[in-house]
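> Sequence first, predicted coordinates after that:
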Amino acid sequence: MNKKQDKPLTGYPSIDKPWLKYYEHKDFTKIEGKTVYQVLYERNYDHSEDIALEYFGHKITYQELFRQVENTKAAFEAAGVKVGDQVAFFTSSTPETIYGILALCRIGAVANMVNPLFDPEQVKDRIEETGARIIVVMDQLYGKLCDALGLGDSAPAIEKVIVVPVAASMSWNTRWLAAIKTKVKIPYGGITITWADFIGTKSRKSQQPDVGYKHDCAFIMVYSSGSTGASKGIVLTNGGICATISHYLSPDFPYSRGDRFLQMIPVWFSTGIVISALMPLCLGITVILEPVFSEQSFARDIAKFQPNMTLSATSLWLYAMKSKELRNQDLSFLKYPITGGELILGRVETALNTFFSRHGCKACLIKGYGMCELGSTISTDDLKYQKPDAAGFPITGVIVTAFDLETNQELPYNKHGELRVISPAHMKEYFKNPAATAEFFWTDSKGRVWGRTGDIGYVDEDGFVHVLGRATDFFTDRCGIKRYCFDIENVILQNPSVAECKVVGLLKGDFEIPIAHLVLEENSTARHEALLTEIRATCAEKLEPECIPCGYRIWDAFPIKNNGKRDIEKLKTAADEVMQ
């Protein structure tokens, strides 16, 4: 990882930008004044026979992609979609979803990516607040949409529901079997039609010219998880998405035209649609679409499709490492395995890298950090420069540093504070929520606009970003002092028998006490009493008295909410039971 710093450090990341030393190529293609579709088209129209998408064995060339986008644009225009309109997508990763998003880019409309994991009330609210008249829904999700909107009677504002059969774009030899397995009864008629009927049987030409690039014009809307209140619409622009894509156009990113990217992160997340679909398509990389986000499909797809690149959660990588599908698989084809979104213990990273090496993969795990509001990617490793327990270094054009939450002063290297980010890829706003938008963006005395991540962390003198946990993840002790739960968790996680740890504060009168919840490693043979005795001793040695857990509970697996995150409320309820 070592690389010499060219100039003396002042001690402050935003001034020194020590991460710039890792960019071997100082000049890179900066995309300005273009829509995502313009970039995709211009970079691929001379390669029309290259494969753009692969979906269950069906290979779709760029020429076919452009034709389908043209058809879809014409169909949306015929349905009355115009600049600024929102079209809701209640879908997973299918070719039709990609066609629809790119068609709306050309019209200047917004693809509203509603998360199917939301509860019915959230789905209803997210669609109604945007005024969307048209919804594109995957057949497998039609029932959930009906539960949310009561289609046909209590959804008078909806003019058209376009149903995409999950099997429609599969290869012929898998389509019939999938259609039988996934058959869903849908009452077609009225406002509900199939995608095929919406598009028509003949190629169509758009009657309107493309709107083209407009500064700060909305393109895609994704949503916050809603774990700390109502989910918020995160409005992404063409300019912001193109700024992220610009980073990967650098020769420092080891891609070749015709490489294959397994798209695993769902398209309703910015990482899924921007980093795992639009970015590789713009680079001439084939995107292998996978509509099911699961451990089993991830391991199976790696073995079957042999992608050169893929991005997935660490938990899926750990499953793949132990799966029968990859037990004897040569992984020499895999040259850029990426993960992010959660803390990776040093021993876990080592185990995964050992797995890659033993199976012929010459690459190591690429770690990253990002958030939807800041263009998906904030920082990332590359194949040459990495550091354990860090989430990479800032990508092109991005500045990351820690600030003191009380004084709003920038902190020097290695000092813990709120991570704030300057990024050309930042969102436009939270949809119809100016108060939350104003709270997220913060302007310093120099007029620089920072995005407040809400994460506590630091930047080290090598320019690597370290993310410790959420700023809201604390309890208040009997002395009124704020104690971060992740500081306790990080001590407990050093025990090799502990796979996961979550500390919650349990209210006792006017203060809180910490309770530790544990999930043990699958192969752990430690007896519970002996293990807890060992953990208590470690905590007594390394933590202040008020931070030593007052109780412990061991789980087979943590309870999970429908948004995929841990159910902290259930853990707090269980914490109360521990102390009774």
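Right, received. Where do you want to start?

> ok, which stretches of the stretch 401-550 of the chain are strands?
Per DSSP state E, counting those that start in this stretch, the stretch 401-550 of the chain carries strands over the ranges 417-422, 429-430, 441-443, 449-459, 465-470, 474-476, 482-484, 498-508, 511-520.

> okay, the fifth one in CSV with CA atoms only?
As requested, C-alpha coordinates have been extracted for strand 465-470 and formatted as CSV (Å, rounded to 0.1, in the frame of the first residue of the first chain):
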residue,chain,number,x,y,z
VAL,A,465,-11.3,6.5,4.9
HIS,A,466,-12.3,4.6,8.1
VAL,A,467,-16.0,4.3,8.9
LEU,A,468,-16.8,3.4,12.5
GLY,A,469,-20.6,3.6,12.7
ARG,A,470,-23.7,5.9,12.7
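
> Strand partners (parallel or antiparallel) of it?
The pairing partners recorded for strand 465-470 under DSSP bridges are strand 449-459 (antiparallel).

> Give me the distance from the partner strand to the chain's centre.
Strand 449-459 sits 17 Å away from the centroid of its parent chain (Cα atoms, centre = their mean, to the nearest Å).

> list the buried ones in that strand?
Residues of strand 449-459 classed as buried by neighbour count (16 or more other Cβ atoms under 10 Å): 450-459. (C-beta placed from N, C-alpha, C; glycine too.)

> could those residues be laid out in a markdown table, adding pLDDT and distance to N490?
Formatted as a markdown table, those follow (pLDDT from 0 to 100; distance: Cβ to Cβ, whole Å):
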| residue | pLDDT | distance to N490 |
| --- | --- | --- |
| W450 | 98 | 26 |
| G451 | 97 | 25 |
| R452 | 97 | 23 |
| T453 | 96 | 19 |
| G454 | 95 | 18 |
| D455 | 96 | 14 |
| I456 | 96 | 12 |
| G457 | 96 | 12 |
| Y458 | 97 | 13 |
| V459 | 98 | 18 |
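
> ok, back up a step: can the strands of the stretch 401-550 of the chain go into JSON lines with extra columns for distance to T174?
Below are the strands of the stretch 401-550 of the chain laid out as JSON lines (distance: least, Cβ to Cβ, whole Å):
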{"stretch": "strand 417-422", "distance to T174": "43"}
{"stretch": "strand 429-430", "distance to T174": "41"}
{"stretch": "strand 441-443", "distance to T174": "47"}
{"stretch": "strand 449-459", "distance to T174": "42"}
{"stretch": "strand 465-470", "distance to T174": "40"}
{"stretch": "strand 474-476", "distance to T174": "50"}
{"stretch": "strand 482-484", "distance to T174": "49"}
{"stretch": "strand 498-508", "distance to T174": "36"}
{"stretch": "strand 511-520", "distance to T174": "37"}
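
> Go through those strands and name the closest to V398.
Ranking those by proximity to V398 (Cβ to Cβ) places strand 417-422 first, at 6.4 Å.

> Report all helices and strands that that closest one contacts.
Applying 3 or more Cβ pairs under 8 Å, 6 or more residues apart in numbering; DSSP states H and E, we find strand 417-422 packed against strand 399-403, strand 449-459.

> strand partners of that strand, parallel vs antiparallel please.
strand 399-403 (antiparallel), strand 449-459 (antiparallel).

> re the thing from before, tabulate the helices and strands packed on strand 417-422 (JSON lines), appending distance to K428.
As requested, the helices and strands packed on strand 417-422 are exported to JSON lines (distance: least, Cβ to Cβ, whole Å):
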{"stretch": "strand 399-403", "distance to K428": "20"}
{"stretch": "strand 449-459", "distance to K428": "12"}
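
> Would you mind saying which of those strands lies nearest V69?
strand 449-459 (31.4 Å).

> who touches the closest one?
Residues outside strand 449-459 that contact it (Cβ atoms under 8 Å, 6 or more residues apart in numbering): 13, 371, 373-374, 378, 400-403, 411, 413-423, 426, 439-444, 465-472, 484, 486.

> Buried among those residues? Need that as a selection in PyMOL.
To isolate the buried subset of the contacts of strand 449-459 in PyMOL, counting by 16+ other Cβ under 10 Å, use the following:
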select buried, resi 13+371+373+374+378+400+401+402+403+411+413+417+418+419+420+421+422+423+426+440+441+465+466+467+468+469+470+471+484+486
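
> hmm, back to that, out of the strands paired with strand 417-422, nearest to K432?
strand 449-459 (19.1 Å).

> Go through the helices and strands packed on strand 417-422 and name the closest to P165.
P165 lies closest to strand 449-459 among the helices and strands packed on strand 417-422, at 39.2 Å (Cβ to Cβ).

> Send me that closest one as CSV with only the CA atoms.
What follows is strand 449-459, C-alpha atoms only, in CSV (Å, rounded to 0.1, in the frame of the first residue of the first chain):
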residue,chain,number,x,y,z
VAL,A,449,-20.9,22.5,0.2
TRP,A,450,-20.5,19.3,2.1
GLY,A,451,-22.8,16.3,2.4
ARG,A,452,-23.3,15.2,6.0
THR,A,453,-23.1,11.4,6.0
GLY,A,454,-24.2,10.9,9.6
ASP,A,455,-21.4,8.4,10.0
ILE,A,456,-18.6,8.7,12.5
GLY,A,457,-15.1,7.9,11.2
TYR,A,458,-11.8,9.4,10.3
VAL,A,459,-9.3,9.9,7.5
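
> Could you work out the end-to-end span of stretch 554-565 for me?
Start-to-end span of stretch 554-565 (Cα to Cα, to the nearest Å) is 18 Å.

> 315 is where my numbering starts, stick with that
Let's use 315 as the start, then, which means that last one is stretch 868-879.

> ok so, going back, out of the strands paired with strand 731-736, which is closest to G514?
Among these, strand 763-773 comes nearest to G514, with 43.0 Å by Cβ to Cβ.

> where along the stretch 565-714 of the chain do the helices fall?
Counting by DSSP state H, counting those that start in this stretch, the stretch 565-714 of the chain has these helices, from start to end: 584, 593-596, 609-619, 628-636, 660-672.

> Contacts for stretch 630-640, please.
Residues from elsewhere that reach stretch 630-640 (Cβ under 8 Å, 6+ apart): 578, 609-610, 612-614, 616-617, 651, 653, 662, 665-666, 669, 673, 679, 836.

> Quick check: buried residues in it?
Neighbour-count burial for stretch 630-640 flags 630-635, 637, 639-640 (criterion: 16+ other Cβ under 10 Å).

> Among those residues, which one sits closest to L603?
Distance to L603 across the buried residues of stretch 630-640 (Cβ to Cβ) is lowest for L630, with 16.4 Å.

> In contact with F754: list those residues for me.
By Cβ under 8 Å, 6+ apart, the contact list for F754 reads 687, 744, 765-766.

> would you turn the helices of the stretch 565-714 of the chain into CSV with mean pLDDT and distance to K344?
Formatted as CSV, the helices of the stretch 565-714 of the chain follow (pLDDT from 0 to 100; distance: least, Cβ to Cβ, whole Å):
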stretch, mean pLDDT, distance to K344
helix 584, 94, 20
helix 593-596, 97, 14
helix 609-619, 94, 32
helix 628-636, 91, 32
helix 660-672, 94, 32
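
> Which one of those helices lies nearest to K698?
Per Cβ to Cβ, nearest to K698 of the helices of the stretch 565-714 of the chain: helix 660-672, 14.6 Å.

> Now do the closest one against helix 628-636, angle only.
For helix 660-672 against helix 628-636, the angle by axes from the mean of the first three to the mean of the last three Cα atoms, to 10 degrees is 40 degrees.

> Distance from helix 660-672 to the middle of the chain?
How far helix 660-672 lies from its chain's middle: 23 Å, per Cα atoms, centre = their mean.

> What of stretch 864-873?
Here stretch 864-873 is found 27 Å from its chain centre; the criterion is Cα atoms, centre = their mean.

> do the same with stretch 528-542
A distance of 13 Å separates the centroid of the chain from that of stretch 528-542, by Cα atoms, centre = their mean.

> Pull out the buried positions in that stretch.
Going by neighbour count (16+ other Cβ under 10 Å), the buried part of stretch 528-542 is 531-540.

> So which of these are in strands?
Judged by DSSP state E, these include 532-537 as members of strands.
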